[in-house]
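Undergrad: Just a sequence and a predicted model for now, questions to come.
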Amino acid sequence: GAVVSQHPSWVICKSGTSVKIECRSLDFQATTMFWYRQFPKQSLMLMATSNEGSKATYEQGVEKDKFLINHASLTLSTLTVTSAHPEDSSFYICSASGTGGRNTEAFFGQGTRLTVV
Amino acid sequence: DAKTTQPPSMDCAEGRAANLPCNHSTISGNEYVYWYRQIHSQGPQYIIHGLKNNETNEMASLIITEDRKSSTLILPHATLRDTAVYYCIVRAAGTDKLIFGTGTRLQVFP
């Protein structure tokens, strides 16, 4: 299957700082990428839809000014957690679908574990 | 999005078939059923998807009832590495979004 890569795999940052997470589709172009967050022993929660060349669409309850999303190319989307706090510690996962139309499978990155201390 | 209902957990002996059920009684005619699994601390892995016909690939088989209100994912010969949380997802029509439910935690034992 297609490959989606996230970087970094894990990061520890101090409270109040910002952290950027990258999501790349390595062997296909993705007009749309998705960002999820997962707390321990819980399911994945969709945070936002990242659209290449336009603004991201955020799910209800997700602060767009705190979670900045940029999708500048067909192979790269970034999520920046601004002014991170310990409650932002979580597992962040991205996914991407190809440009081949609907009802194709989405591929997921390996996830980024963020710990805010 | 159509909601899915899955048992929270299941056990399966290694080498035996694992049959994971999913109810999606409110599914619409143009919505697909997708199955993903998540091994601990990894991103979800695509398994299979279908609309109304049964599907099979190298990983699993997907059996969808005629009325499409439920489906079963079959892992024909479970191994210890199949231990994971399995998610049944109905993909919203006209969107690439995948909304995850709580899934089934499958434990394969020796």
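TA: That came through fine. On a predicted model such as this, the values are computed, not experimentally measured, just so you know.

Undergrad: Let's see the pLDDT reported for the residue in chain B that chain A sits nearest to.
TA: Closest contact between chain B and chain A, by Cβ to the nearest Cβ, is at B:Gly43 (3.6 Å). C-beta here means a position set from N, CA and C on the backbone, and glycine is covered the same way. We have a pLDDT of 95 for B:Gly43.

Undergrad: Run through the strands of chain A in chain order.
TA: A:4-7, A:10-13, A:19-25, A:32-38, A:45-51, A:57-58, A:67-73, A:76-81, A:90-97, A:107-108, A:112-116 (DSSP state E).

Undergrad: just checking, what packs against the third one?
TA: Taking 3 or more Cβ pairs under 8 Å, 6 or more residues apart in numbering or on different chains; DSSP states H and E as contact, the helices and strands that strand A:19-25 lies on are strand A:4-7, strand A:10-13, strand A:32-38, strand A:76-81, strand A:90-97, strand A:112-116.

Undergrad: and the residue nearest the centre of chain A, what is it in contact with?
TA: For chain A, the residue nearest the mean C-alpha position is A:Trp35 (3.5 Å; Cα atoms, centre = their mean). Neighbouring residues of A:Trp35 by Cβ atoms under 8 Å, 6 or more residues apart in numbering or on different chains: A:23, A:46-48, A:50, A:67, A:69, A:77, A:79, A:92-94.

Undergrad: Among the residues you listed, which one sits closest to B:Thr79?
TA: For these, the minimum distance to B:Thr79 (Cβ to Cβ) is 24.5 Å, reached by A:Ile93.

Undergrad: if we can go back for a sec, distance to B:Thr56 and mean pLDDT added to the helices and strands packed on strand A:19-25, as CSV?
TA: Shown next, in CSV, are these (distance: least, Cβ to Cβ, whole Å; pLDDT from 0 to 100):
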stretch, distance to B:Thr56, mean pLDDT
strand A:4-7, 25, 95
strand A:10-13, 37, 97
strand A:32-38, 27, 95
strand A:76-81, 33, 96
strand A:90-97, 23, 94
strand A:112-116, 34, 97
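
Undergrad: wait, which of those is closest to B:Val85?
TA: When those are compared (using Cβ to Cβ), the closest one is strand A:32-38, at 10.6 Å.

Undergrad: Partner strands of that closest one, with direction?
TA: Strand A:32-38 has the following strand partners under DSSP bridges: strand A:45-51 (antiparallel), strand A:90-97 (antiparallel).

Undergrad: what residues does the longest one touch?
TA: Applying Cβ under 8 Å, 6+ apart, the external contacts of strand A:90-97 come out as A:2, A:4, A:6, A:21, A:23, A:25, A:28, A:30, A:32-39, A:44, A:50, A:77, A:79, A:81, A:104-109, A:111-114, B:41, B:43-44, B:96, B:98.
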